[in-house]
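Q: model this:
(4 chains)
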Protein chains: 2
Amino acid sequence: MSEGTGGGSTSAARARLLSTATKIFYAEGIHSVGVDRIIAEAQVTRATLYRHFAGKEELVLAYLDQADRGIRAGVEAAQAGQETAADRVRAVGRFITDGIQGPGFRGCAFLNAVAEYPDPTHPVHRAVLAHRQWFLDTVTELLAQVGDAPADEAGRHLVMLRDGAMAAGCLFDPKLISETFLLGVEGILRARGV
Amino acid sequence: MSEGTGGGSTSAARARLLSTATKIFYAEGIHSVGVDRIIAEAQVTRATLYRHFAGKEELVLAYLDQADRGIRAGVEAAQAGQETAADRVRAVGRFITDGIQGPGFRGCAFLNAVAEYPDPTHPVHRAVLAHRQWFLDTVTELLAQVGDAPADEAGRHLVMLRDGAMAAGCLFDPKLISETFLLGVEGILRARGV
DNA sequence: CCTGAGGGAGAACGTTCGGTCTCATCGCTA
DNA sequence: TAGCGATGAGACCGAACGTTCTCCCTCAGG
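A: Next up is the predicted model:
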């Protein structure tokens, strides 16, 4: 039991598989990595992979699902303990810059993935859209608690800055990128009366 | 003559090859497209491809080189006829939003490519970095002509907004993305005293 | 006329791809 | 102890990959 669509993972082999796939897909891309690489580094046999996942695509979806859960948890945890709404926005901003400056940062897993899956009907592409919609909704809701003006524009502005920071964070100096991003966040807050 | 490193293209077959590769690589990605697709749609035989390009990688580099030339020409053309420096910045901004709202927009060709080539030593990755450095230098120089303050921070800010707009332009409503981006550009100009 | 470059047509190379298969083994539990 | 599900080991499949090859045709310049 406990085997659902998005579900259970009570197997050590499956966990090794997923964590290995996450590491390699994020670091090297998806199309350029074969299942041979993954099963070799996960120290798992072919049969085991296909017992837990219907195919490579499902492994990719599991990878993105895990990344999605991690980010949601991180965004939520970052807000904890912040008293004002503005500080919650700043905390989310710091969560992002922490990632950018962290070791092994390779950009946004979802932006990277969608670059390899341009077809809007593809499950991977749609998973990316779903994650992005959640993030836009989250920051818009957060910004709505800062000031009185409608927050739609500010939310899009913040997401746009985040996308740019995540894209450039592994192409330029992460420190400078983080600084520019946080300045942009302050600008958004200032425009809302903070 | 006229055959240089980045060079001449006096052959009809080569031109068809390059324009087909540009179209397909941009629309569908690089690793997921085989040379069979390209030679088929370019109506060219295998031997012809390998007579003009040392391999697929060189075709990819030629694709990015062509995109780079097109963007440089577009950015330069957009500035023509603008009297003030601020208007030149706005014109570059409009050049970007025109692309985002144009038919077949699939994001930034360079950001998409670098997502598939994470290795910083790879020629494709370095071609992306070179293009980005040119763009950062260009907009920083442009912004330096607006107001008196140092323009480094403003340049990075503008590039960050552009990256975000290009990344999201094919994932959300391009109209809204363009609007948000242009508002951001006005914000940057306002901060410089315009 | 001859020559040689550019191109078309297509076979073939070795490798890797994602995926399926069989069979032996291990560990748990009924 | 018997049985059963999960795993390991690895052969195997057809297809696609990037690349090289031969052969023939065409056409412009000597």
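
Q: got the contact list for the nearest residue to A:Thr48 once chain neighbours are set aside?
A: Residue nearest to A:Thr48 in three dimensions, not counting chain neighbours: A:Ala13, with 5.1 Å by C-beta to C-beta, 6 or more residues apart in numbering or on different chains. Placement of C-beta: from N, CA and C, glycine included. Contacts for A:Ala13 (C-beta atoms under 8 Å, 6 or more residues apart in numbering or on different chains) come out as A:Ala42, A:Val44, A:Thr48, A:His52.

Q: Test my guess that A:Asn112 contacts A:Ala27.
A: No. Judged on C-beta atoms under 8 Å, A:Asn112 makes no contact with A:Ala27 at a distance of 10.1 Å.

Q: Name the residues contacting each of those two.
A: Common neighbours of A:Asn112 and A:Ala27 (C-beta under 8 Å, 6+ apart) are A:Arg106.

Q: burial count for A:Asp137?
A: 11 (other C-beta atoms under 10 Å in any protein chain shown).

Q: ugh, wrong one, I meant A:Asn112
A: A count of nearby residues for A:Asn112, using other C-beta under 10 Å, gives 24.

Q: Which positions in the helix or strand harbouring A:Leu142 come out as buried?
A: Assigned by DSSP states H and E, A:Leu142 belongs to helix A:123-144. Within helix A:123-144, the residues scored as buried using 16 or more other C-beta atoms under 10 Å in any protein chain shown are A:124-125, A:127-128, A:131-132, A:135-136, A:138-140, A:142-144.

Q: Need the CA coordinates for the longest helix along chain A. PDB is fine.
A: Looking across chain A with DSSP state H, the single longest helix is helix A:56-79. Once non-C-alpha atoms are left out, helix A:56-79 reads as follows in PDB (Å, rounded to 0.1, in the frame of the first residue of the first chain):
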ATOM      1  CA  LYS A  56      12.600   8.100 -17.600                       C
ATOM      2  CA  GLU A  57       9.900  10.700 -18.000                       C
ATOM      3  CA  GLU A  58       8.300   9.700 -14.700                       C
ATOM      4  CA  LEU A  59      11.700   9.900 -13.000                       C
ATOM      5  CA  VAL A  60      12.000  13.500 -14.300                       C
ATOM      6  CA  LEU A  61       8.500  14.300 -13.000                       C
ATOM      7  CA  ALA A  62       9.500  12.800  -9.600                       C
ATOM      8  CA  TYR A  63      12.600  15.000  -9.700                       C
ATOM      9  CA  LEU A  64      10.600  18.100 -10.300                       C
ATOM     10  CA  ASP A  65       8.000  17.100  -7.700                       C
ATOM     11  CA  GLN A  66      10.700  16.700  -5.100                       C
ATOM     12  CA  ALA A  67      12.200  20.100  -6.000                       C
ATOM     13  CA  ASP A  68       8.800  21.700  -5.800                       C
ATOM     14  CA  ARG A  69       8.200  20.300  -2.300                       C
ATOM     15  CA  GLY A  70      11.600  21.500  -1.200                       C
ATOM     16  CA  ILE A  71      11.000  25.000  -2.400                       C
ATOM     17  CA  ARG A  72       7.500  25.200  -0.900                       C
ATOM     18  CA  ALA A  73       8.900  24.000   2.400                       C
ATOM     19  CA  GLY A  74      11.800  26.500   2.200                       C
ATOM     20  CA  VAL A  75       9.600  29.400   1.400                       C
ATOM     21  CA  GLU A  76       7.300  28.600   4.200                       C
ATOM     22  CA  ALA A  77      10.100  28.100   6.700                       C
ATOM     23  CA  ALA A  78      11.700  31.300   5.700                       C
ATOM     24  CA  GLN A  79       8.600  33.300   6.700                       C
END
